[in-house]
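S.K.: fold the following.
(2 chains)
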Amino acid sequence: NAGVMQNPRHLVRRRGQEARLRCSPMKGHSHVYWYRQLPEEGLKFMVYLQKENIIDESGMPKERFSAEFPKEGPSILRIQQVVRGDSAAYFCASSRHSDVNTEAFFGQGTRLTVV
Amino acid sequence: RKEVEQDPGPFNVPEGATVAFNCTYSNSASQSFFWYRQDCRKEPKLLMSVYSSGNEDGRFTAQLNRASQYISLLIRDSKLSDSATYLCVVNFNDYKLSFGAGTTVTVRA
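M.R.: Below you'll find the predicted structure:
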């Protein structure tokens, strides 16, 4: 049973380009969460998705960021017109259920560097 | 005020020593508490859940003090492999996990 798979592991983009980060949840998991970790900071919640639905995107910046979890395929976090401040580690997690005591399993993350 | 606050450390301890550190949380309605471990530039991994009665897993002991709103982690007989950043994580009654910035522990030979 493969874990949460994220790709790419490392992504370099020039300012103004688009970044697409992919996350395939663990088998049997229908809940996906995206977190961002800036240097020397804790992980910050961005968005919570179930298949074809965005449940909570309260942690997403209002502009340039979007997320989807289609019926088929991985969840995608898309950042348009990247800026230097978007450089961070982006972690995806998945869980079988969404209740408070469910363990969320994290992927290895995508490290985005904007140059 | 941050939702979860931790002493960043670093805590530098010799092998075999005991090290302990706390974290505080701001939301008194918080329901679930966890310690995660994060190795350098890798993903967070669940170390242990923290229960009201306190719990132990091998050399690791976690305590929860709801009145003072803090959680502690104690590591006994430290091993070199315990060197990592320990993340205090709180669930505020829904699916969102709130992470502290982490406490760095370095165990030296």
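S.K.: flag the shaky bits of chain B, pLDDT-wise.
M.R.: Along chain B, segments meeting pLDDT under 70 span B:93.
S.K.: now it against chain A: closest residue?
M.R.: Here the residue of chain B nearest chain A is B:Phe99; by C-beta to the nearest C-beta that distance is 3.7 Å. (Each C-beta comes from the backbone N, C-alpha and C, glycine too.)
S.K.: and that residue, bridged to which residues?
M.R.: Assessed by DSSP bridges, B:Phe99 has beta-bridge partners B:Val89.
S.K.: wait, isn't it in contact with B:Tyr86?
M.R.: No - applying C-beta atoms under 8 Å, one finds B:Phe99 not in contact with B:Tyr86, separated by 11.1 Å.
S.K.: residues shared between the contacts of those two?
M.R.: B:Tyr36 (C-beta atoms under 8 Å, 6 or more residues apart in numbering or on different chains).
S.K.: how many residues are close by A:Asp79?
M.R.: For the record, residue A:79 is Ile, not Asp. Close neighbours of A:Ile79, defined as other C-beta atoms under 10 Å in any protein chain shown, add up to 22.
S.K.: anything in stretch A:72-79 near chain B?
M.R.: No - residues of stretch A:72-79 are not located near chain B by C-beta under 8 Å from any C-beta of the partner chain, the shortest gap being 15.0 Å.
S.K.: for that stretch, give the mean pLDDT please.
M.R.: Averaged over stretch A:72-79, pLDDT sits at 96.
S.K.: please compute how far it lies from its chain's middle.
M.R.: 8 Å (C-alpha atoms, centre = their mean, to the nearest Å).
S.K.: equivalent analysis for stretch A:36-47, please.
M.R.: With C-alpha atoms, centre = their mean, you get 11 Å for stretch A:36-47.
S.K.: what residues of that stretch count as buried?
M.R.: Using 16 or more other C-beta atoms under 10 Å in any protein chain shown as the test for burial, stretch A:36-47 gives A:36-37, A:42-43, A:45-47.
S.K.: contacts for it?
M.R.: Against stretch A:36-47 from outside (C-beta under 8 Å, 6+ apart): A:33-35, A:54, A:56-60, A:65, A:67, A:77, A:88-91, A:109, B:4, B:8, B:44, B:87, B:96-102.
S.K.: cutoff 7 Å now
M.R.: The set of residues external to stretch A:36-47 that reach it, using C-beta atoms under 7 Å, 6 or more residues apart in numbering or on different chains, is A:33-35, A:54, A:56-57, A:59-60, A:67, A:88-91, B:4, B:44, B:87, B:96-97, B:99-102.
S.K.: quote the end-to-end distance of it.
M.R.: Stretch A:36-47 has its terminal residues 10 Å apart, counting by C-alpha to C-alpha, to the nearest Å.
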